[in-house]
Structures are given as structure tokens and as C-alpha cells.
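Below are the sequence and a predicted model; questions follow.
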Amino acid sequence: MNYTTHYTSPLGDILLAADEQGLTGLWFDNQKYYAAHLSSNHKECNHPILKEAQKWLDIYFTGQEPDFIPLIHLAGTEFQIAVWNILQQIPYGETTTYGEIAKKIALQRGLARMSSQAVGGAVGHNPISILIPCHRVIGSNHSLTGYAGGVHKKRALLQLEGIDITKFITLPKELPLC
């Protein structure tokens, strides 16, 4: 069974989804890939996993790094899950690039190189934004490349974590990635 609840954040409403194994989704309302793969057979309630995610968000939106992570249940391709696992290793208040993630994936797989664009596609389909911090991924030229919730939310999340966003650029045409 899938469970959902809504959370009101300073950046807008968020839909949370979980199953018995863990959190399966966290989407800003109207973001790209909103509720992707969420079963139509879900129940609106405050399941314990959803309560834990709400508690995490409460702490996060005060500008503090939560000292726990709710249970997470990822569903995706092997490649996507590998990328999402790397995203979870990006420290609070820090950023990395798509190219750096591509290098890590190539190393894991014993490849000479991996496409940054392929990594970008996996980052863009991250179903649990914020908790799996795709907002911490930037372009190699310090560009704030797209964010499915909107680049303005990406900027706000980075600022909330104490990151100086004045060192980043915004490209004229933003592509929603995460």
C-alpha cells in the first residue's frame, strides 16, 4: 500500500509518499515529474514514515542539518539508483558537479568515462528531492542548471544550507533536471 500526505514548506506545498519500506516520493507541487510512478492506489494519511519525513523537513527548513534520515525506498533503474546513492553522499552545505558524479559512476563500473548528460537524466528523475539532495548538483561552469521545482527553489535551498550562491551563474535557458 502507498500512503501520501502534504507538507507546507516555506518554498511551497510538498507531496510526500511512502510505502511500508520507506519514503518513495517528495515533490514540490507542480514540479516536473510530479508524483511520477505514484500508484493510483494510495491512501492519504499520516503514516509513521511520513511523520518522520515531516519532522526532517521541519528541522531542515529552520536552516539546520537534520541528524537523521527517514527510511527511503528507491525504485528506479540500477543506474538511477547508483546516481541517487551518490547524491545522498553530498554533504549538507556543499555542491558537486554532474561531471564529478559521472567520474564516480565510471569508477564504480570500471569504465573509462561516463556521460554527464546520462547522470543529469538520472538526477532529473530523483523522486525524493531535498532529502536526496539533487539541488546540490551544479554545472561544471558553476551554472545553476535546472531544477524540477524551479531554479528559484534550487537557489533558496542552497542559500538555506549556507552556500554562497553569488558564485553561481544562471543560464538563459534553464532545463529542469531535478
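Great, that's in hand.

What about the closest residue to residue 145 other than its chain neighbours, how many residues nearby?
Using Cβ to Cβ, 6 or more residues apart in numbering and skipping the chain neighbours, the partner closest in space to residue 145 is residue 139 (4.6 Å). Backbone N, C-alpha and C define where each C-beta goes, glycine included. Look at residue 139: counted by other Cβ atoms under 10 Å, it has 18 neighbours.

Run the chain-centre distance for the worst-scoring helix or strand of the chain on mean pLDDT.
The least trusted helix or strand in the chain, going by mean pLDDT, DSSP states H and E, turns out to be strand 42-44, with a mean of 78. Relative to the chain's own centre, strand 42-44 is displaced by 22 Å; criterion: Cα atoms, centre = their mean, to the nearest Å.

Now do that strand: which elements does it pack against?
Secondary-structure packing of strand 42-44 (3 or more Cβ pairs under 8 Å, 6 or more residues apart in numbering; DSSP states H and E): strand 2-9.

quick one: contacts for residue 118?
Residue 118 is in contact with 79, 102, counting by Cβ atoms under 8 Å, 6 or more residues apart in numbering.

tell me the SS of it?
Following DSSP: H, G, I helix; E, B strand; the rest coil, we place residue 118 in the helix state.

Let me know the pLDDT of it.
Note on residue 118: pLDDT of 93.
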